[in-house]
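1. Based on what follows, work out the 3D shape:
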Amino acid sequence: MAAVERWRCDVVHAQPDPDVRALGSIRERLPAATFLPPQEALETAADKAAFAARMATASVPVPHACTFSSLGDVAGMTEELLEEHERAWVRARVGAGARASLPVRSGAQAEAWVRWWVDERGLAPSDFMASELLPGREFAYQSLWQDGELVAGQARERVEYLYGHLTPSGQTSTPAVARTVRNPAVDEVAQAAVRALDPSPHGVFCVDIKESAGGVPKVTEINAGRFFTTSNFFAAAGLNMPDMAIRAALGEALPRLGSSPLEPDLYWIRMVDMGYVLVPGHELDAWPRPDR
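-> Numbers count the residues shown, from 1 in each chain. From the prediction side, this is the model:
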């Protein structure tokens with residue numbers, strides 16, 4: 001509040017999820033415009049278990065999941081999941097970047113993992129959930145909505161992860177390599193998930209989607225009220241959603257660009273401290289390689 005007043009900000013936007021929720025809770029008292037979904041949508045999206053229940057009620061495809069109330073629940077409930085699925089995905093209910101996540105093949109592994117976080121990091125068993133592990137491709141759908149209508153949405157596939165080799169799961173949800181895609185099934189399930197979270201969407205909604213072994217896209221979470229960390233990917237490609245969000249916050253009625261307006265197979269390649277580059281897929285073969 002003090003920073004907004006001091007710098008006479010016209011629009012205020014937050015990126016970390018806790019900051020988004022805090023900003024939403026004081027939006028009516030801010031002397032600056034915001035472009036946020038309703039607070040109830042922000043709070044539901046922040047809890048992955050509550051979010052999954054909302055999606056299931058609306059018949060949006062989500063991974064089969066369960067929650068725990070005590071350490072005594074973990075092994076047995078995970079084993080029940082494993083009766084139908086080869087592996088389960090144990091993770092914290094709140095947090096980004098695959099926080100406290102581990103793919104497991106037994107209830108004993110799940111219990112040991114949760115116990116470590118309880119003993120060493122002070123989390124509670126109820127802070128965790130387990131779901132079927134989805135082995136297929138991973139997609140991220142960034143979208144901007146105004147007054148219940150889609151302004152623009154664009155999907156990308158996460159191809160390689162930043163520091164994925166350093167995590168037990170091999171995943172961080174932050175891509176080192178991503179590419180634009182046009183996949184009607186992905187677009188459709190992403191938009192259905194947004195409308196299930198907020199029947200009259202208004203603001204930014206970023207949907208994480210992963211395919212099942214049979215290639216069915218299932219929604220794993222929504223980051224509501226903020227952009228993916230790679231929002232400059234789409235901006236560099238010609239779809240500047242942060243600029244659009246600022247203009248919408250200031251009251252401008254935006255043109256409806258629809259879903260997946262960018263051409264497919266635009267690759268965004270980056271690494272920490274090394275910058276980034278946008279490369280059309282057909283140009284990748286011309287890049288020098290160590291084996292040439």
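
2. V186 sits in which helix or strand?
-> Under the criterion of DSSP states H and E, V186 resides in helix 184-197.

3. Could you give me the buried positions within that helix?
-> Of the residues in helix 184-197, those scored as buried under the neighbour-count criterion (16 or more other C-beta atoms under 10 Å) are 186-187, 189-197. Backbone N, C-alpha and C define where each C-beta goes, glycine included.

4. which residues touch that helix?
-> In this structure, residues lying in contact with helix 184-197 by C-beta atoms under 8 Å, 6 or more residues apart in numbering are 37, 41, 44-45, 51, 54-55, 57-58, 60-61, 139, 141, 143, 145, 150, 153, 155, 201, 205, 207, 209, 217-219, 222, 224, 259-260.

5. contacting residues for V204?
-> In this structure, V204 makes contact with 35, 37, 142-145, 224-227, 241, 245, judged by C-beta under 8 Å, 6+ apart.

6. What's the mean pLDDT across the helix holding V186?
-> Along helix 184-197, the predicted confidence averages to a pLDDT of 98.

7. Next: stretch 61-80.
-> Mean pLDDT, computed over stretch 61-80, is 95.

8. which residues does A65 contact?
-> Residues in contact with A65 (C-beta under 8 Å, 6+ apart) are 49, 52, 81, 129-132.

9. and it, how far is that from M55?
-> A65 sits at a distance of 10 Å from M55 (criterion: C-beta to C-beta, to the nearest Å).

10. got it, and L262?
-> L262 sits at a distance of 26 Å from M55 (criterion: C-beta to C-beta).

11. Which one of these two is surrounded by more residues?
-> The residue with the greater number of neighbours, taking L262 and M55 and applying other C-beta atoms under 10 Å, is M55; the counts read 24 against 19.

12. hang on, isn't that one packed against E221?
-> No: checked against C-beta atoms under 8 Å, the pair M55 and E221 is beyond contact range at 9.5 Å.

13. could you pull out the helices for the stretch 151-292 of the chain?
-> 184-197, 231-237, 241-249 (DSSP state H, counting those that start in this stretch).

14. who wins for proximity to V74 among these?
-> Distance to V74, taken as C-beta to C-beta, is lowest for helix 184-197 among those, at 27.5 Å.

15. What are the phi and psi values at P18?
-> Main-chain dihedrals, P18, degrees, to the nearest 10: phi -60, psi -40.

16. before we move on, back to that, make TSV out of the helices of the stretch 151-292 of the chain and add distance to E28.
-> TSV is the format used below for those (distance: least, C-beta to C-beta, whole Å):
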stretch	distance to E28
helix 184-197	21
helix 231-237	26
helix 241-249	15
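
17. Can you spell out the domain ranges of the protein, please?
-> Structural domains of the chain, as assigned by automatic domain parsing, span the residue ranges 1-58+134-280, 64-132.

18. Can you get me a residue count around G214?
-> Residues lying near G214 (other C-beta under 10 Å) number 6.

19. need the contact list for it.
-> G214 makes contact with no residue under the criterion C-beta under 8 Å, 6+ apart.

20. Just confirm A50 is within a helix.
-> Yes: A50 forms part of a helix when assessed by DSSP: H, G, I helix; E, B strand; the rest coil.

21. T44 is in contact with that one, correct?
-> Yes: here A50 reaches T44: they are 5.3 Å apart, a contact under C-beta under 8 Å.

22. the more surrounded of those two?
-> Each of A50 and T44 had its neighbours counted (other C-beta under 10 Å), and the higher figure belongs to T44 (21 against 14).
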